[in-house]
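> mind folding the following:
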Amino acid sequence: MATIKEIAKKCNVSIATVSNILNGKPNAGKETRERVLKAVEELNYTPNYVAKNLKTKHTRTIGVLVEDITVFCTPEIIDGITQGCEENNYHILLTNLRLYKKFEDSYYKNDAFFGIVSREIRELLSKRVDGIIYVTAHERILKCIPEELPVPAVMAYGYTESEKF
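Numbering: from 1, shown residues only. Below is the predicted model of the structure:
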């Protein structure tokens, strides 16, 4: 996979020029722009989104935690989230907690699954999601979402007593 550095070398321009062209900035001449874009295609360049995300501090990714993807209308909820993300140029990281499969229909009546939720939230945060959507399998008050989340969070088909969410 080609890098910006390789494209710059092939086109005899600076890395900054290649970056500006790839980011749609108008500073390059038409000839240079065409040469760079041709090299991008020839070398099959794909942007390094990890590097870009480190610089911008935004991943355009929403973490979606689902209690169990097989329960009730969860697939339709996920489809709606996916559609909304597509329309707004976001991606989703989907985590299926499989709580119904693990604990059967009683998990939401006790706190046994709180540790699993906490671990998966930490995992999503480590991947630098810009927000979290928690999809419950049964309408109820959620008590497993930590108050100190550093990103926005919303619930689908559930709610908290917190004013923060």
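
> and stretch 31-50, average pLDDT?
For stretch 31-50, the mean per-residue pLDDT is 87.

> any stretches of this structure with poor pLDDT?
49-56 (pLDDT under 70).

> can you give me the strands for it?
61-66, 91-96, 131-135, 153-156 (DSSP state E).

> can I get the ones you listed in a markdown table with distance to Ile145?
Just so you know, the C-beta spots here come from the backbone N, C-alpha and C atoms, and that holds for glycine as well. Listed next are these as a markdown table, based on distance: least, CB to CB, whole Å:
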| stretch | distance to Ile145 |
| --- | --- |
| strand 61-66 | 9 |
| strand 91-96 | 14 |
| strand 131-135 | 6 |
| strand 153-156 | 6 |
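
> what's the closest of these to Leu22?
strand 91-96 (19.2 Å; CB to CB).

> work out which residue lies at the spatial centre of the chain.
Centroid-nearest residue in the chain: Thr61, 1.8 Å away (criterion: CA atoms, centre = their mean).

> which strand residues bridge it?
His91 (DSSP bridges).

> report the contact partners of it.
By CB atoms under 8 Å, 6 or more residues apart in numbering, the residues touching Thr61 are 90-93, 127-130.
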